[in-house]
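Novice: Sequence below, structure please.
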Amino acid sequence: MKVNGKAVIDIVLSSSKKELQEVIVTAQGQAAQKRTLGYSTKSYNGRGLVGSAPSVYTEQVYYDYKRTDDEFVDFNREGYDKITENQFLKVNDNPLSTFSIDVDAASYSNVRRFLNQGQLPPAGAVRIEEMVNYFKYEYPQPTNNDPFSINTEIADAPWNKDHKLILIGLQGKKIPTENLPASNLVFLIDVSGSMQSANKLPLVKASMKMLVDQLREQDKISMVVYAGAAGIVLPPTSGAEKTKIKDAIDKLEAGGSTAGGAGLKLAYKTAQENFVKNGNNRVILCSDGDFNVGESSDDAMERLIETERKSGVFLTILGYGMGNYQDAKMQKLADKGNGNHAYIDGISEAKKVLVNEFGGTLFTIAKDVKLQIEFNPAKVQGYRLIGYENRMLAKEDFNDDKKDAGELGSGHTVTAIYEVIPVGVKSSFLKNVDALKYQKDVAPLSKSNHTDEILTVKFRYKAPDGEVSKLIEHPVADKQVAIAKTSDNFRFAAAVAQFGMLLRDSEFKSAASYTSVVEMARKARGNDDEGYRSEFIRLVESAQLLAKSKPEPKKSIDTDDDEETLPISKNK
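Specialist: Below is the predicted model:
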């Protein structure tokens, strides 16, 4: 079909049970300067939905005329926020570093998906703290009434011999499944047209069935679906009725536009109507995040989530798919909704998140967990937190119980790594400013002041149903050891952080290399029964090969300063 300079082509498709795998639009004739789009329509079965669901949905297929006759361009619409890396700060000017914990691991599984497809991930997809926290670390269980134990280690930075790394690890208390409180779970499932691919709704259904197998008689599960409208397809049902629940899952079909806001409202309403006092009340959203009907802007969705979280209902975000995956939106929803975020790139990841880490994913033992680190200027002249860029807090937020922060689940571990510049080391990373005119000089601490302490870590957290935070203080002595003598926890976490800096092409990577990452990770593999650390090593080796053959970067299209899209891919 010749385009002949037309701006829009209407294509009408009749209903078919066959899944569409690929569409190639070939441009012929005179090339136009304008990028255009076409759309197709497909009938949608709205059975089971409340209200009047639309009978068709619109799906956009983008293509570009500025190609020769045998070429086309696939515009990948995945959305990632731009990450501005944490800088080195002077301790004399900024003695406090404050941030919220992050137990999400979506970034790592998403990065894995890119590498397994033979492509380096965009920088915005690489959140280093999520990559580090994807892995389990062997921290000791808490021995007191606190919900977590606090662990620290200090050693040289493997990528900069003049710098030190300080690891701070939290271990959440492991609660046996039989002792977990009763659950009121509401699955909110995106059944819009964009979820038709095999790695979307079919994978959602397989994931849900694995979770259903973990439910107990006292647990209740409901299912809300949304496309052009939202509706309940499974009323609250006991976890003992597994066949009934799985039958409802099997009946799910994709088709329609994406009214995510309406779906969220109905899911929260359902959860509140069946609220279990002192129980686990949670909405589990399964989607690619490509909302396009009703309340769909980031601001509108965030305001909705912030309002609904006050009800005591938590949120878990499970992301699926590729090509239009809206990582930035999903991340914002999880952050605002007292929730966590995982990206499910295959059935193995679904098993990890919903079976192996069932308690940590779905059962919160502490909420609004914040950390504030005070550095000793007699020991440290500069520092930077590796990752956690979207979790940074103002120092005043630490004592403000109204300020939202991250949640810690049963058995979860959280790891944070600081790269510090010791006193006496000359560094180009620390920038000077002109001397201040009106400020008094502060006398430096004498060497006798807290000589054995390099920093103090302060923690605040609330009980899952609490509104007043508790404070824990943990001073850290300056006991440095050679990196070869550190724990497997320290060395493997450092290897993952180094890998993240390489993928992001960090300005602070110094002498980091893929070879160094592989060597350190191999020696720190430790107990790897599930094979996740071995898989990490293979991914690093793949990334090293891809980096060697990496072409010159192409400028992204249709972007703004705040969001990153994937590069254009050209196929012949």
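
Novice: Show me where this protein dips below the pLDDT cut-off.
Specialist: Filtered on pLDDT under 70, the chain yields the residue ranges 1, 15-76, 256-259, 292-298, 441-450, 551-572.

Novice: For it, which segments are assigned as helices?
Specialist: Secondary structure of the chain (DSSP state H): helices located at 106-116, 128-132, 201-212, 242-250, 260-273, 298-308, 327-336, 347-351, 358-362, 488-504, 514-523, 532-548.

Novice: any chance of the ones you listed in TSV, with mean neighbour count and distance to Gln372 too?
Specialist: To be clear about C-beta, it is placed using only N, CA and C from the backbone, and glycine gets the same treatment. Putting the helices of the chain into TSV (neighbours: other C-beta atoms under 10 Å; distance: least, C-beta to C-beta, whole Å) gives the following:
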stretch	mean neighbour count	distance to Gln372
helix 106-116	23	24
helix 128-132	27	17
helix 201-212	20	36
helix 242-250	15	44
helix 260-273	22	32
helix 298-308	16	23
helix 327-336	23	19
helix 347-351	18	33
helix 358-362	22	24
helix 488-504	25	21
helix 514-523	18	30
helix 532-548	16	31
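
Novice: Nearest to Leu188 among those would be which one?
Specialist: Set against Leu188 and scored by C-beta to C-beta, those come closest in helix 260-273, at 4.0 Å.

Novice: if I look at Asn338, how far off is Val283?
Specialist: To Val283, Asn338 is 10 Å away according to C-beta to C-beta, to the nearest Å.

Novice: and these two? which has more neighbours close in?
Specialist: A count of neighbours by other C-beta atoms under 10 Å puts Val283 above the other of Asn338 and Val283, at 28 against 24.

Novice: wait, doesn't the more buried one sit right on Leu318?
Specialist: No. Counting by C-beta atoms under 8 Å, Val283 stays clear of Leu318, with 11.1 Å between them.

Novice: residue ranges for the strands of the stretch 301-450 of the chain, please.
Specialist: Listed in chain order, the strands of the stretch 301-450 of the chain (DSSP state E, counting those that start in this stretch) span 314-319, 339-343, 364-375, 380-385, 406-409, 413-422.

Novice: Let's have those strands in CSV, adding mean neighbour count and distance to Glu241.
Specialist: Below are the strands of the stretch 301-450 of the chain laid out as CSV (neighbours: other C-beta under 10 Å; distance: least, C-beta to C-beta, whole Å):
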stretch, mean neighbour count, distance to Glu241
strand 314-319, 25, 22
strand 339-343, 26, 26
strand 364-375, 24, 26
strand 380-385, 22, 47
strand 406-409, 26, 26
strand 413-422, 23, 34
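
Novice: now the ones you listed in CSV, with distance to Ser97?
Specialist: Formatted as CSV, those follow (distance: least, C-beta to C-beta, whole Å):
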stretch, distance to Ser97
strand 314-319, 27
strand 339-343, 23
strand 364-375, 5
strand 380-385, 6
strand 406-409, 16
strand 413-422, 7
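
Novice: Which one, of those strands, ends up nearest to Ile166?
Specialist: When those are compared by C-beta to C-beta, strand 413-422 sits nearest Ile166, at 4.4 Å.

Novice: Given that closest one, what are its sheet partners and their directions?
Specialist: Strand 413-422 pairs in its sheet with strand 160-172 (antiparallel), strand 380-385 (antiparallel), by DSSP bridges.
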